[in-house]
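Visitor: 3D model of this:
(chains A and B)
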Amino acid sequence: LAKTTQPISMDSYEGQEVNITCSHNNIATNDYITWYQQFPSQGPRFIIQGYKTKVTNEVASLFIPADRKSSTLSLPRVSLSDTAVYYCLVGGSQGNLIFGKGTKLSVKP
Amino acid sequence: GAVVSQHPSWVICKSGTSVKIECRSLDFQATTMFWYRQFPKQSLMLMATSNEGSKATYEQGVEKDKFLINHASLTLSTLTVTSAHPEDSSFYICSAPIPVRGSVSPLHFGNGTRLTVT
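Guide: The predicted structure is shown next:
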């Protein structure tokens, strides 16, 4: 399973766009990239998943360059409630994803 | 939509006793479920893969005789922490993949169980 590297923490202010980049140099051909959000004392929540180029849903966008060795989660106009830990995971159909350390996002007023 | 329900949300038990945690898939069938453990301010650590109708697969370093996993139906997996000790105190989280046509199945997680062993 491909290992991922993310910044340990990021700070932002309400209303700003936040971009969190994840490196996954050893991503396999069949691997997808999935991002999760976790609040304290809760299970992770699925945010978005993609394989290549760009994926957008109602909460975020995911940008994946052609070489797929990295990906960027983009959160538009963050609010205080977006303060959480964000995990980037890479894996195939097995589902037994290995979590890295994640990025702790702090949104300030 | 599909939901993974975990119960109980928290439990306090005495050292030496056993605790059972349930993980249910609502509105979908899960032949595979995953159990994670998370210590404070740390990431999730995969403990084992629960397989419906067969033995669970444990990650290296996880004692299968201590963390008993049963996946007797397509919607229920249980994790039993046997002879619990204070060092077993942690946040236990289950997950199940939601089938998605044409893509890898993303995991949906339960809300976790906070286990405190006194």
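
Visitor: List the contacts of B:Lys66.
Guide: B:81-83 (Cβ atoms under 8 Å, 6 or more residues apart in numbering or on different chains). C-betas here are computed from N, CA, C, even on glycine.

Visitor: Just the buried ones from those residues?
Guide: B:Val81 (16 or more other Cβ atoms under 10 Å in any protein chain shown).

Visitor: So which of the contacts of B:Lys66 is the closest to chain A?
Guide: For the contacts of B:Lys66, the closest approach to chain A (Cβ to the nearest Cβ) belongs to B:Val81, at 17.7 Å.

Visitor: Touching, that closest one and B:Leu115? I think so.
Guide: Yes: contact criterion Cβ atoms under 8 Å: B:Val81 and B:Leu115 qualify, at 6.6 Å.

Visitor: Which neighbours do these two have in common?
Guide: B:19, B:21, B:88, B:92.

Visitor: Between which two of those is the distance greatest?
Guide: B:Ile21 and B:Asp88 (11.6 Å; Cβ to Cβ).

Visitor: what sits in contact with each of those two?
Guide: B:81, B:115.

Visitor: These two: which is more packed in?
Guide: B:Ile21 (24 against 19; other Cβ atoms under 10 Å in any protein chain shown).

Visitor: And chain A, is the helix or strand where that one lies touching that?
Guide: Using DSSP states H and E, B:Ile21 sits within strand B:19-26. No: Strand B:19-26 does not reach chain A (Cβ under 8 Å from any Cβ of the partner chain); its nearest approach is 10.3 Å.

Visitor: coming back round to it: name the nearest of the shared contacts of B:Val81 and B:Leu115 relative to chain A.
Guide: Closest approach to chain A among these (Cβ to the nearest Cβ): B:Tyr92, at 9.9 Å.
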